[in-house]
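*Asks:* from the sequence below, what's the structure:
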Amino acid sequence: GGAGLAAAAQAAERGAEVIVLEKRRAVGGNTAMAHGFFAAESPAQKRRMIDAPRDELFKLAMDYHHWTINPRLVRAYIDKSGDTVRWLEEKGLNIEFMPAVNPGYFFRTFHLTMGAGRTVIKVLAKSCEELGVKVLYRSAAKKLLADSKRRVTGVLATTEDGELGVEAKSVIITTGGYGGNKRLLKKHCPNFSEDTTYVGLKELTGDGLRMAIEVGAATEGLGLPHYWGHRFSGSYLVNLVNQRPEAIWVNKNGERYFDEGILFDMGLRGNVIDRQPGKVSYTLFDEQIKQNLLK
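*Replies:* Okay, here's the model as predicted:
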């Protein structure tokens with residue numbers, strides 16, 4: 001995905017000989033499904049005279065999560081984000097839009113390009129190819145190899161031709177989450193139900209998490225799903241209604257249970273639906289709302 005290809009390209013730029021183990025037949029990961037990405041004080045923002053101060057965004061993020069998240073990680077993520085945009089633009093990525101994600105959100109930090117996440121992957125894949133990064137497809141990492149002092153020395157992978165051992169001075173795990181693994185979802189997410197729809201690649205089964213734990217890695221926040229809110233499994237157009245504040249949301253008891261104005265915040269709308277009976281929500285809309293969407 002985006003993390004793995006970015007890590008591979010950066011390591012190759014600094015002179016490392018890089019091998020990427022790709023579980024699927026093609027690179028991309030969940031990044032290929034993404035719409036855009038966050039950045040603060042990026043060159044793209046500065047060119048458009050958009051103010052996105054890192055210090056204020058750090059405080060905003062920490063306050064939003066009630067300071068329950070790791071401040072060092074959040075600080076590093078925000079501080080490096082603008083320079084990451086510079087790095088991607090130098091590789092040919094064209095940032096074309098920076099809309100306000102939420103009507104109540106002041107800072108314009110959402111970076112979009114035509115083709116969305118697929119375009120980001122194409123740029124990174126091209127860079128890796130030019131830098132001589134070797135990508136092994138259908139090669140699923142199975143185990144981290146370690147010496148007697150538990151220092152990681154490589155990776156054992158499963159390929160179509162059998163097992164493959166790769167010795168390495170450094171190993172970077174970028175295997176994503178475990179949304180494709182119901183056993184882990186049930187174990188770490190008490191609110192998970194069989195009716196929950198996972199949005200992401202089925203190949204993300206927690207392989208990296210398991211391998212890291214096996215060699216003694218610490219864990220934190222394993223049961224923190226990002227709930228998007230209710231989703232109709234049929235027409236895309238019908239799903240658009242679910243994202244409109246002029247519609248009315250009611251639960252199984254026919255009760256309107258929240259202010260639809262907050263539905264632009266996926267975290268908030270997901271959390272509130274999770275507390276409804278059966279985790280079910282119904283969207284009420286009229287002919288005028290439907291016609292407005294069809295236009």
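
*Asks:* where along the stretch 101-250 of the chain do the helices fall?
*Replies:* 116-130, 182-188, 207-214, 236-241 (DSSP state H, counting those that start in this stretch).

*Asks:* packing partners of the helix ranked longest in the chain?
*Replies:* For the chain, the helix reaching the highest residue count under DSSP state H is reported as helix 71-90. Helices and strands touching helix 71-90, by 3 or more C-beta pairs under 8 Å, 6 or more residues apart in numbering; DSSP states H and E, are helix 43-47, helix 54-64, helix 116-130. Just so you know, the C-beta spots here come from the backbone N, C-alpha and C atoms, and that holds for glycine as well.

*Asks:* now the last one: buried residues?
*Replies:* Neighbour-count burial for helix 116-130, with 16 or more other C-beta atoms under 10 Å as criterion, is recorded at 116-117, 119-125, 127-128.

*Asks:* kindly report the same for the first one.
*Replies:* For helix 43-47, the buried set under the neighbour-count rule, 16+ other C-beta under 10 Å, comprises 44-45.

*Asks:* that helix - contacts with which helices or strands?
*Replies:* Counting by 3+ C-beta pairs under 8 Å, 6+ apart, helix 43-47 packs on helix 71-90.

*Asks:* hang on, the earlier thing: which one, of the helices of the stretch 101-250 of the chain, ends up nearest to Pro277?
*Replies:* helix 182-188 (20.5 Å; C-beta to C-beta).

*Asks:* show me which residues of the closest one are buried.
*Replies:* 184-185, 188.

*Asks:* Ser93 against Ile121, yeah?
*Replies:* Actually, residue 93 is Leu rather than Ser. No - applying C-beta atoms under 8 Å, one finds Leu93 not in contact with Ile121, separated by 10.5 Å.

*Asks:* need the overlap of contacts for those two.
*Replies:* Common neighbours of Leu93 and Ile121 are not found (criterion: C-beta atoms under 8 Å, 6 or more residues apart in numbering).

*Asks:* picking that back up, closest to Glu17 out of the buried residues of helix 116-130?
*Replies:* Nearest member of those to Glu17, counting by C-beta to C-beta, is Cys128, at 12.6 Å.

*Asks:* how about the spatially closest residue to Ser281 that is not a sequence neighbour, phi and psi?
*Replies:* Excluding its sequence neighbours, the residue lying closest to Ser281 (C-beta to C-beta, 6 or more residues apart in numbering) is His230, at 4.2 Å. Main-chain torsions, His230, degrees, to the nearest 10: phi -70, psi 150.

*Asks:* ok, His230 touching Asp274?
*Replies:* No - using C-beta under 8 Å, His230 makes no contact with Asp274, being 9.9 Å away.

*Asks:* and these two? Which one has more around it.
*Replies:* His230 (19 against 16; other C-beta atoms under 10 Å).

*Asks:* distance check, that one against Lys182.
*Replies:* His230 sits 20 Å away from Lys182, going by C-beta to C-beta, to the nearest Å.

*Asks:* before we move on, what about Glu56?
*Replies:* 40 Å.

*Asks:* kindly report the same for Lys80.
*Replies:* 34 Å.

*Asks:* how about Ser281?
*Replies:* 23 Å.

*Asks:* which residues touch the closest residue to Leu156 other than its chain neighbours?
*Replies:* Closest residue to Leu156 apart from its sequence neighbours, by C-beta to C-beta, 6+ apart: Lys143 at 4.3 Å. Contacts for Lys143 (C-beta under 8 Å, 6+ apart) come out as 155-156, 211, 214.
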